[in-house]
Structure formats: structure tokens, C-alpha cells
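1. Sequence and predicted structure are below.
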Amino acid sequence: MKRIEIKEVLALSGDGRAVSVCGWVRSRRGNKNVSFIALNDGSTIKNIQVVADLAKFSDEDLRQVTTGACLHVTGTLVESMGAGQTVEIQADSIEVYGTADPLTYPLQKKGHSLEYLREIAHLRPRTNTFGAVLRIRHNMAIAIHSYFHEHGYFYFHTPLITASDCEGAGQMFQVTTKNLYNLKKDKDGQIDYSDDFFGKMAALTVSGQLEGELGAMALGKIYTFGPTFRAENSNTPRHLAEFWMIEPEVAFIQKEELMDLEEDFLKYCVRWALDNCKDDLQFLNDMFDKGLIERLRSVIDTDFVRLPYTEGIAILQEAVKKGRKFEFPCNWGDDLASEHERYLVEEHFGKPVIMTDYPKEIKAFYMKLNEDNQTVQGTDVLFPAIGEIIGGSVREENYDKLMAEIERRNIPMKDMWWYLDTRRYGSAPHAGFGLGFERLLLFVTGMQNIRDVIPFPRTPKSAEF
């Protein structure tokens, strides 16, 4: 008999049909006449109840049916008399695929802290919480591809190994085949990379943006969606060393159109979650964040505020005058901290904010200068509970202006002639943004730590599993 996923079984009527399911035991309880087994196969947050009549199954038959064991069950699907489910399976046969020793299996039926579950990341997908998070993660990936496909974008694969540092911060993971115990050096004592695999220093990418711009200059509008790497020694609930990024780049658009794209894209993704992840969102809403679903709905039902940085600073300074205390200063020229961003979104406006026109000194070299020569056309989207969720900008398309900024900042560009060629040959106005996938998932799931929205988090001093 062909196996049916539990999600499909729960949608059927209890009409006495024969069914075959597989899954892992969440719990087992019972009395001297019957045993009730809660079985889950990962297709849904909900379990199917398997009823084992002890007239059919001996204690020896059920001895290995413990929490965590993997079973194959065949039986009859009937209406359930118990609360919490509409149908259940009256078992005819139970095959144990894999046992789980109740003395050592770490996921017994009790509450586990998220900190503890990070220590057993290889098993935590079996919990209700992480099953829900990972199904939502899948759905958000589908939403992203669907949005861009529906809007005529091309999925563009940018390299993971690169010789360029998009952000200019130098916080990159080096990639080498050199013998680190016997490094060849030149006469000046510098490492000689001529015998390395690529013949030059190479690293894992911090962003696919620069290569994405090349794609936009030929295909019109592209997006990347892949892993990126930052060697930042940041042990915060908002930072990972390995995370996924979504980066669209679009030719022939200006700042207002970019902000329209950012807002429309985010609303599409949140709406997708509400439409396609109802059970998982309800579980997370009930167990972790009572305001989650309401907050998600509020995002798609409101227009985002569009706020110049200078006005935002004025609002923050006025709040300080009225007694609001911030840990970090908020003077013009300062990079806003998460506490500032969340104040604007959650307390002052009560809705998402797109902040624009930042001081050039706190933004990347490629952002287009405004006429005041002091600010750039950056467009950061700030969300409740998160702070910055998108960082975007209009890109500087003028070769002379771009080179002047590169030289002013002393950015090594000797290996980036290919990027500058886009400004030499048929340069065009263009813009784009970067969205950290895990930041989006933090918002959609209501989880508080970014380590809990990726299967196997990579952080300083931690590369387990």
C-alpha cells in the first residue's frame, strides 16, 4: 500500500478506508485496553493519532514504540471521538523502522529551551517549533522565487568564491589551498599567492551585488538568492557568519521605484506566509509570540512611511529632549542602532519605515550621491521587532564620480576593472537592494534569535554539525 503523508491523511474523512503512514513518535499514552500513539512525519505541525488495540498488539509488540522511534503504520481511517483531531488510524500493523532509547533520546515529551536545542541542532528539526520554522523557511524561499518570476526577473547565479570585497570592510573568509604551515613569501615578507589555486588571494563572498549589477546591465532585471559569508566576530541575536541573501538589481529605475519594489516585495512575502503557513504561524503565535499574526497582517495592510534620514534624526533627538533614553547617540552622521530604528517603527510611526538619503560617510562607496554632495540615495527598510530588514540604494552609474569616491576611500580596485567597465561601456541608471533571508524569517516566525531560523547556524567559535 502506498504511503500517504500525514498532512493529506488529516484532510480526509474518516470513512473506513485503509491507509499507510510513516513518521516519528511524538508521544505514547494509554491504558490496559488501548495505546494512543501521536505520529508526525514533518509534513504538518499536526500529529495523526494511531490507536493500537491491545487485543491485537502485545506489550512486546509495542515495547519499542517510544518517543522518537520511527514507525510504519497501516490501518483504518475512522472518525475520532477524542478532542484535538477529526480522524485517527485504527492500527492493523505497526512496523518499527528505527528505535529511540528512552534513556538517551534527548527529545522526550517535555519543554526544552531554545538554547539547549541549539546544542542538538541535528535533532531539533523534529520538534514542533523547528518543524514549523523550517516549513515556513521553505515557503519563504518559494515566495521569493515566485515574486521575481512573476515580475519578469531572471535568477542570476553569482560566485561564492571571489577576489572582491563588495562592502569594503575586509571581513572575509579566505579560501586557499596553500600550506598554512609553510607559507611562501615574497622579498617584502608578504604572502606570495602565485602558487595558490587561483593565483591570487580569494575569499568567500560577502555579497553578490557587484556581479549582480553586471547581470542587470545585460538582462535588465535580475535577482540573486544564495549563501553569503561575513567574518564578523559578532555574537548577537541578529548576526550569522553564514546566511542567505536576496539581492535584486534593476536597470532604469530611480529611488522612488526602488522603494516601491522593496515595499511590494516584502508585502508579497508576508502575505504568502499568511496564506500558506496558517497552522505553523498559529502554533508560533500561540507558543512564542502572541502578537505575531496581528503584526504580520499589519504590515500588508499599511503603507510604509518614507522618511529622510535627516528627519529621522530630528525625531529621535526630539524624543531624547522629552526624556526618551537611548543607549547609543543619535546625532546627524551617526549610523542608527537597532534601538533607534525600532523606536521610529514601533513607537513613533507604528508602521514600517523606509529611511532614505543617509550621510555618505556611513554608506558604501557605490551609492549614488545626492546633489548636496553629503548624502546618498540609500533606502533601508525598517521593520517592527527587527529594525533594518532591507538595505538598498540607487547605484552610482557615473564613472568619474564612482572613481572619485573609490579613490577618496582608498578602496583597492585593481582586481575590479570588470565592475568599472559597466560604467565605461553603456552605463545606465540602476538600483537594487539586499535582504538577509534570516532577518525576514525572524520577522515572519516571531523567533528572537537568528540562530533559530537556520538549520545549522555558523557563529564565532561554532561550526558544529
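-> Nice, thanks for sending it over. Numbering: from 1, shown residues only.
2. Let me see the ranges of the helices in the stretch 251-400 of the chain.
-> Residue ranges of the helices in the stretch 251-400 of the chain, as given by DSSP state H, counting those that start in this stretch, are 255-276, 278-287, 292-300, 309-321, 338-342, 399-408.
3. Give the full set of residues in contact with the residue lying closest to residue 174 once chain neighbours are set aside.
-> The shortest distance from residue 174 to any non-neighbouring residue, by Cβ to Cβ, 6 or more residues apart in numbering, is to residue 203 (5.2 Å). Heads up, the C-betas are built off the backbone N, CA and C, glycines and all. Residue 203 makes contacts with 161, 162, 163, 165, 172, 173, 174, 175, as judged by Cβ atoms under 8 Å, 6 or more residues apart in numbering.
4. Show me what the lowest-mean-pLDDT helix or strand in the chain is in contact with.
-> When each helix and strand of the chain is scored by mean pLDDT, DSSP states H and E, helix 59-62 comes last, with a mean of 88. With contacts defined as Cβ under 8 Å, 6+ apart, helix 59-62 is touched by 28, 35, 52, 54, 94.
5. of all those residues, which comes closest to residue 270?
-> Using Cβ to Cβ, residue 28 is the member of the contacts of helix 59-62 that sits closest to residue 270, with 38.1 Å.
6. Check whether that closest one sits in a helix, strand or coil.
-> Secondary structure, DSSP: H, G, I helix; E, B strand; the rest coil: residue 28 is strand.
7. and it, how far is that from residue 9?
-> 19 Å (Cβ to Cβ, to the nearest Å).
8. ok, these two, which is more surrounded?
-> Set residue 28 next to residue 9 and count neighbours by other Cβ atoms under 10 Å: residue 9 wins out with 23 against 18.
9. Shouldn't that one be within a strand?
-> No: read with three-state DSSP, residue 9 is helix and lies in no strand.
10. i'd like the first residue to be 361 from this point on
-> That works, and once the first residue is 361, the last one we named lands at residue 369.
11. list the contacts for it?
-> By Cβ under 8 Å, 6+ apart, the neighbours of residue 369 are 379, 381, 408, 437, 447, 449.
12. Out of those, flag the one nearest to residue 574.
-> Nearest to residue 574 out of these is residue 381 (Cβ to Cβ; 49.6 Å).
13. and the helix or strand harbouring that closest one, what other elements does it pack with?
-> Using DSSP states H and E, residue 381 maps to strand 375-390. With contacts defined as 3 or more Cβ pairs under 8 Å, 6 or more residues apart in numbering; DSSP states H and E, strand 375-390 has these neighbours: helix 366-370, strand 394-400, strand 408-413, strand 430-439, strand 447-458.
14. Nearest to residue 646 among those would be which one?
-> Taking Cβ to Cβ, strand 394-400 is the member of the helices and strands packed on strand 375-390 nearest to residue 646, at 17.3 Å.
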